[in-house]
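Peer 1: Show me the folded form of this:
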Amino acid sequence: MSIPDPPVTPNALTSAASASSPEPIAVVPSNVRADIPVAASWNWVPIRSLGPRHRERIAAHLIALEVSDRYLRFGYPASDAQISKYVDMLDFEQDEVFGIFSRRLEVIAMAHLAHIGIANPDGGQSMSEFGVSVLPRGRRRGFGRRLFEHAVLHARNRGVETLFIHALSENTAMLKIARNAGATVVREGSESDARLKLPPDTLASHVGEFMEHQAAELDYRLKVHARMVNRLFVAPKDLSIAQGETTRVAND
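Peer 2: Numbering: from 1, shown residues only. Modelled structure (predicted):
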């Protein structure tokens, strides 16, 4: 029996909070890479909005997931071809995708906020579904939790009343993030549903989202500049190549 193509809505999740990844702690494990920003409960994490021009990077991120993580993210061990089709079908006009970049400008964590509910009279969506994935080298840093919090802020500012998560029951850490946020979790065998009632938007929530967006864009530009300077010191003879690559990345 053939495995179905992955759905465009994030119906099964993995996260920085996969079952093998504990909650973020203040002490950084020895195997943590230095090129990835550390996130603790009191740290700000730059989160960028992704668009159609980022499809290649999104695909590279998801394809880099291990088989067990693909199983948690999609509900089955999706193949590279199925992941590519999922990325091709992302509707950036309807849904929203967010990413966290390493200093090497790799997408190490991303979230998909799919607006699946019936529109409210004010034009907002009554329900949105949340899905998240984090590469192994970016875990134990709270990225899953921060992407969830970012999605909550983003959703409420668009009139969303309920944030929905459908996860495998074995993904206990993801469900813990939802519970800690106040979500109601209902388990049905191997799968679980979590629903979080969102408060209405306020002036403060819109200002907060705007400030996060501006800070994340500044952070990304600084990383682009730092990467260009670093490459010039490492390989000055590749100046034209470095400039070309940096220009391409900066345009993202």
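Peer 1: Sketch out the low-pLDDT regions of the chain for me.
Peer 2: Where the chain drops to pLDDT under 70, the residues are 1-42, 117-125, 231-252.
Peer 1: please redo it, this time with the cut-off set to 50
Peer 2: 1-4, 6, 12-42, 250 (pLDDT under 50).
Peer 1: Please enumerate the helices of it.
Peer 2: 55-63, 67-74, 80-88, 143-156, 172-180, 203-234, 239-250 (DSSP state H).
Peer 1: and M127, which of the ones you listed is closest to it?
Peer 2: helix 143-156 (9.2 Å; C-beta to C-beta). Any C-beta I mention is one placed from the backbone N, CA and C, and that applies to glycine too.
Peer 1: which secondary structure elements does the closest one contact?
Peer 2: strand 96-101, strand 107-115, strand 127-134, strand 162-168, helix 172-180, helix 203-234 (3 or more C-beta pairs under 8 Å, 6 or more residues apart in numbering; DSSP states H and E).
Peer 1: how about a markdown table for the helices of the chain, with distance to A109 and mean neighbour count added?
Peer 2: As requested, those are arranged in a markdown table below (distance: least, C-beta to C-beta, whole Å; neighbours: other C-beta atoms under 10 Å):
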| stretch | distance to A109 | mean neighbour count |
| --- | --- | --- |
| helix 55-63 | 8 | 18 |
| helix 67-74 | 12 | 20 |
| helix 80-88 | 16 | 16 |
| helix 143-156 | 4 | 23 |
| helix 172-180 | 13 | 20 |
| helix 203-234 | 13 | 14 |
| helix 239-250 | 18 | 13 |
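Peer 1: Could I get the ones you listed in TSV, plus columns for distance to S133?
Peer 2: Formatted as TSV, those follow (distance: least, C-beta to C-beta, whole Å):
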stretch	distance to S133
helix 55-63	6
helix 67-74	5
helix 80-88	10
helix 143-156	9
helix 172-180	10
helix 203-234	19
helix 239-250	21
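Peer 1: quick one: which of those is nearest N43?
Peer 2: Across the helices of the chain, closest to N43 is helix 143-156 (C-beta to C-beta), at 8.7 Å.
Peer 1: beta partners for K197?
Peer 2: Judged by DSSP bridges, the bridge partners of K197 are T162.
Peer 1: For it, give me its contacts.
Peer 2: By C-beta atoms under 8 Å, 6 or more residues apart in numbering, the contact list for K197 reads 161-162, 182.
Peer 1: okay, those residues in TSV with distance to D88 and neighbour count next?
Peer 2: Below are the contacts of K197 laid out as TSV (distance: C-beta to C-beta, whole Å; neighbours: other C-beta atoms under 10 Å):
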residue	distance to D88	neighbour count
E161	30	18
T162	28	16
G182	35	9
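Peer 1: from those residues, which is closest to D95?
Peer 2: Distances from D95 to these, taken by C-beta to C-beta, are shortest for T162, at 15.9 Å.
Peer 1: Can you give me every residue that contacts the closest one?
Peer 2: T162 touches 117, 126-128, 195-198, counting by C-beta under 8 Å, 6+ apart.
Peer 1: and if we set it to 7 Å?
Peer 2: T162 makes contact with 126-127, 195-198 under the criterion C-beta atoms under 7 Å, 6 or more residues apart in numbering.
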